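S.K.: Here is my input, please return the structure:
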Amino acid sequence: MQNSTLFQGTPEGLVDLLMIAIRQELKDLKSEAPAPADELLTKKQACDFLKVTPTTLWRWHKEGKIETYGIGKIRYYKKADLLNLLIKKI
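M.R.: Model (predicted):
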């Protein structure tokens, strides 16, 4: 059986190379991260996300379970608020 060396250097040098590679991978993952939870959703998007009817969404707003944001008649829901509502329900 033949021995082969993949890395020639000190253990500290190997650790440094691994740290550089890990940092780069983490940086790449952050750039590919999904949209933040503070994303604003329309009423239809919020209903689809929660899998509820617009009436249920309106009732939860009236009961103070979720807050709406917007100007005039157009209302938006923060995805973070909807996620918190789901967590409380579980």
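S.K.: got any ranges where this protein has weak pLDDT?
M.R.: 1-5, 32-37, 89-90 (pLDDT under 70).
S.K.: and the longest helix for it?
M.R.: helix 11-31 (DSSP state H).
S.K.: How far off centre is it?
M.R.: 23 Å (C-alpha atoms, centre = their mean, to the nearest Å).
S.K.: hmm, who's touching that helix?
M.R.: residue 7 (C-beta atoms under 8 Å, 6 or more residues apart in numbering). Any C-beta I mention is one placed from the backbone N, CA and C, and that applies to glycine too.
S.K.: Now do the end-to-end distance for stretch 38-58.
M.R.: For stretch 38-58, the separation between the terminal residues is 20 Å (C-alpha to C-alpha, to the nearest Å).
S.K.: buried ones in that stretch?
M.R.: In terms of neighbour count (16 or more other C-beta atoms under 10 Å), stretch 38-58 has its buried residues at 41, 43, 46-47, 50, 57.
S.K.: related to what we said a few turns ago, tell me which residues of the longest helix of the chain come out buried.
M.R.: Buried-residue list, helix 11-31, by 16+ other C-beta under 10 Å: empty.
S.K.: Now that helix - C-alpha only, PDB.
M.R.: Extracted in PDB, the C-alpha atoms of helix 11-31 (Å, rounded to 0.1, in the frame of the first residue of the first chain):
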ATOM      1  CA  PRO A  11      -1.000  21.400  11.700                       C
ATOM      2  CA  GLU A  12      -1.500  25.200  12.300                       C
ATOM      3  CA  GLY A  13      -1.200  25.800   8.600                       C
ATOM      4  CA  LEU A  14      -3.900  23.200   7.900                       C
ATOM      5  CA  VAL A  15      -6.100  24.900  10.500                       C
ATOM      6  CA  ASP A  16      -5.600  28.300   8.900                       C
ATOM      7  CA  LEU A  17      -6.500  26.800   5.400                       C
ATOM      8  CA  LEU A  18      -9.600  25.200   6.900                       C
ATOM      9  CA  MET A  19     -10.700  28.400   8.600                       C
ATOM     10  CA  ILE A  20     -10.300  30.400   5.300                       C
ATOM     11  CA  ALA A  21     -12.400  27.800   3.500                       C
ATOM     12  CA  ILE A  22     -15.100  27.700   6.200                       C
ATOM     13  CA  ARG A  23     -15.300  31.500   6.300                       C
ATOM     14  CA  GLN A  24     -15.800  31.600   2.500                       C
ATOM     15  CA  GLU A  25     -18.500  28.900   2.600                       C
ATOM     16  CA  LEU A  26     -20.300  30.900   5.400                       C
ATOM     17  CA  LYS A  27     -20.100  34.100   3.300                       C
ATOM     18  CA  ASP A  28     -21.500  32.300   0.300                       C
ATOM     19  CA  LEU A  29     -24.400  30.900   2.400                       C
ATOM     20  CA  LYS A  30     -25.200  34.300   3.700                       C
ATOM     21  CA  SER A  31     -25.400  35.700   0.200                       C
END
